[in-house]
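J.: structure of the sequence below:
(4 chains)
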2 protein chains.
Amino acid sequence: MLNQLDDVFHALADPSRRAIVERLAEGEASVSELARPLPMSLPAVIQHLQVLEASGLVSSTKAGRVRTCRLDLDALDRAQSWFQARRADWNQRLDRLGEYLGGAQGTAANEHRAASTERQAPSRKH
Amino acid sequence: MLNQLDDVFHALADPSRRAIVERLAEGEASVSELARPLPMSLPAVIQHLQVLEASGLVSSTKAGRVRTCRLDLDALDRAQSWFQARRADWNQRLDRLGEYLGGAQGTAANEHRAASTERQAPSRKH
DNA sequence: TGATTAGTTAAGTGAGTGCTTAACCAATTG
DNA sequence: CAATTGGTTAAGCACTCACTTAACTAATCA
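T.: Numbering: from 1, shown residues only, chains lettered A, B, ... in the order given. As a prediction, the model looks like this:
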C-alpha cells in the first residue's frame, strides 16, 4: 500500500493517460468513449486503463458489456499533497533564513515566500 | 518546450528522485551530499540528477570541483497546477450537476464539492 | 609533487514500457 | 438464430529505464 506515489506519478507521466484523467475529470465514461480520441488501438487503451486503475486514480464497474470508468479524486488529492508538502518545507526554510538574517517582515527571504502553504479541504466527508 | 509535464511526472515517479527533491526542498546540496543517503553508486545518482535537470525541477552550478544543486520551485508549482486544473473541472461539473438537479445550495452534488479551487500565488515576483 | 576528493563518461545488462496484431468471449440487436 | 458491439487476453517487438563497473578528469590538500 505504500508508495502508490510511484504508481500515481508513473501513471501521469504518459500523455495518453493524462488525457484519460482529464476526460474523466469531466465525468464518467465508457472504455470506448475514452478510446475514441486516442490515436491507438483499443487494447492499448485498456492497458493504459489498467495502469490507471492499479495506481488508484481510476476505478470502474462493468454493467452488461460496458465498463464505466470514473476518477478517484481522493487519489488525485493525495498526490497533490506531496507538492504541498515540498512547498511547506521550502517556506519553512525561507522563514528560518529570514529569521537568521535578523529581519521581521519584509526581509529578502520573506519576499520570495509564496502564499499557498495551506492544505486543501478533504474532498469527502464520509 | 511543451510537455515538460511528461518529464516532470516521469522524474517524480522514481522514489530516489523524489528523495532528492525532498532533500532539496530544505536547501541546496552538493552531488555527494545528495548521494550519501541513497543506496546506490555515485554514477547512478548523477543519472538521476540529469533526469531531474532535464525536467526543469532542479538546476545546478559548478564551483571548483563541487556542483551545487537547487530546486526550481516554479517548475514544481507548474506541475501542481495540473492537479488544480483537474479539480477545477471536477468542481465545475458538480456545479452544473447541482444546478441541473434544481437545487441552490445544499444539494447532494454540492455536498461533495471540495474547497481548494483557487490557484496558488505566483512564487516569484521577478 | 603526489594523493585524495568530487564528479563525470562510457558501456553493458536485465527488467519494464508502450505499442501492435490475432484470437476470443459475452451481451445486445435484427 | 446469426451478426454486431464492447471489451479482453495473449504474445511479440522495439525501445527505455535504473542500475552496474571501470576508466577518467580536474580541483584541492599534505
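J.: mind checking pLDDT for the residue of chain A found nearest DNA strand D?
T.: Closest to DNA strand D within chain A is A:Ser32: 2.9 Å, counting by CB to the nearest atom of the strand. Quick note: C-beta positions are derived from backbone N, CA and C, even for glycine. Note on A:Ser32: pLDDT of 98.
J.: show me chain A divided up by domain.
T.: Following automatic domain parsing, chain A resolves into domains at A:4-71, A:82-126.
J.: and A:Leu38, backbone torsions?
T.: Backbone torsions of A:Leu38, given as degrees, to the nearest 10, read phi -90, psi 140.
J.: OK, contacts around it?
T.: A:Ser16, A:Ala19, A:Ile20, A:Ala44, A:Val45 (CB atoms under 8 Å, 6 or more residues apart in numbering or on different chains).
J.: now, which of those sits nearest A:Leu76?
T.: Using CB to CB, the shortest approach to A:Leu76 within these belongs to A:Ile20, at 12.8 Å.
J.: what is the burial count for the closest one?
T.: Residues within reach of A:Ile20, counting by other CB atoms under 10 Å in any protein chain shown, total 26.
J.: work out for me the element the residue nearest to the spatial centre of chain A sits within.
T.: Nearest to the geometric centre of chain A sits A:Leu76, at 3.6 Å (CA atoms, centre = their mean). In this assignment (DSSP states H and E), A:Leu76 forms part of helix A:73-100.
J.: give the buried residues for that helix.
T.: For helix A:73-100, the neighbour count (16 or more other CB atoms under 10 Å in any protein chain shown) marks A:73, A:75-80, A:82-84, A:86-91, A:94, A:97-98 as buried.
J.: swap in stretch A:39-55?
T.: A:Val45, A:His48, A:Leu49, A:Val51, A:Leu52, A:Ser55.
J.: for B:Ala25, which of the domains of chain A is the nearest?
T.: Ranking the domains of chain A by proximity to B:Ala25 (CB to CB) places domain A:82-126 first, at 4.0 Å.
J.: okay, strands next: where are they in chain A?
T.: Using DSSP state E, the strands of chain A run over A:29-30, A:58-63, A:66-71.
J.: now chain A against DNA strand C: closest residue?
T.: Counting by CB to the nearest atom of the strand, chain A gets nearest DNA strand C through A:Gly64, at 2.8 Å.
J.: for that residue, grab phi and psi.
T.: Dihedral pair for A:Gly64: phi 70, psi -130, per degrees, to the nearest 10.
J.: kindly state the pLDDT recorded for it?
T.: 97.
J.: and for A:Tyr100?
T.: A:Tyr100 is assigned 70 on the pLDDT scale.
J.: from A:Leu94, how far off is it?
T.: According to CB to CB, to the nearest Å, A:Tyr100 stands 11 Å off from A:Leu94.
J.: poorly predicted segments of chain A, please.
T.: A:1-2, A:102-126 (pLDDT under 70).
J.: if we can go back for a sec, farthest pair within the buried residues of stretch A:39-55?
T.: For the buried residues of stretch A:39-55, and using CB to CB, no pair is farther apart than A:Val45 and A:Ser55, which are 15.6 Å apart.
J.: hang on, the earlier thing: dump the strands of chain A to JSON lines, plus mean neighbour count.
T.: Putting those into JSON lines (neighbours: other CB atoms under 10 Å in any protein chain shown) gives the following:
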{"stretch": "strand A:29-30", "mean neighbour count": "18"}
{"stretch": "strand A:58-63", "mean neighbour count": "13"}
{"stretch": "strand A:66-71", "mean neighbour count": "16"}
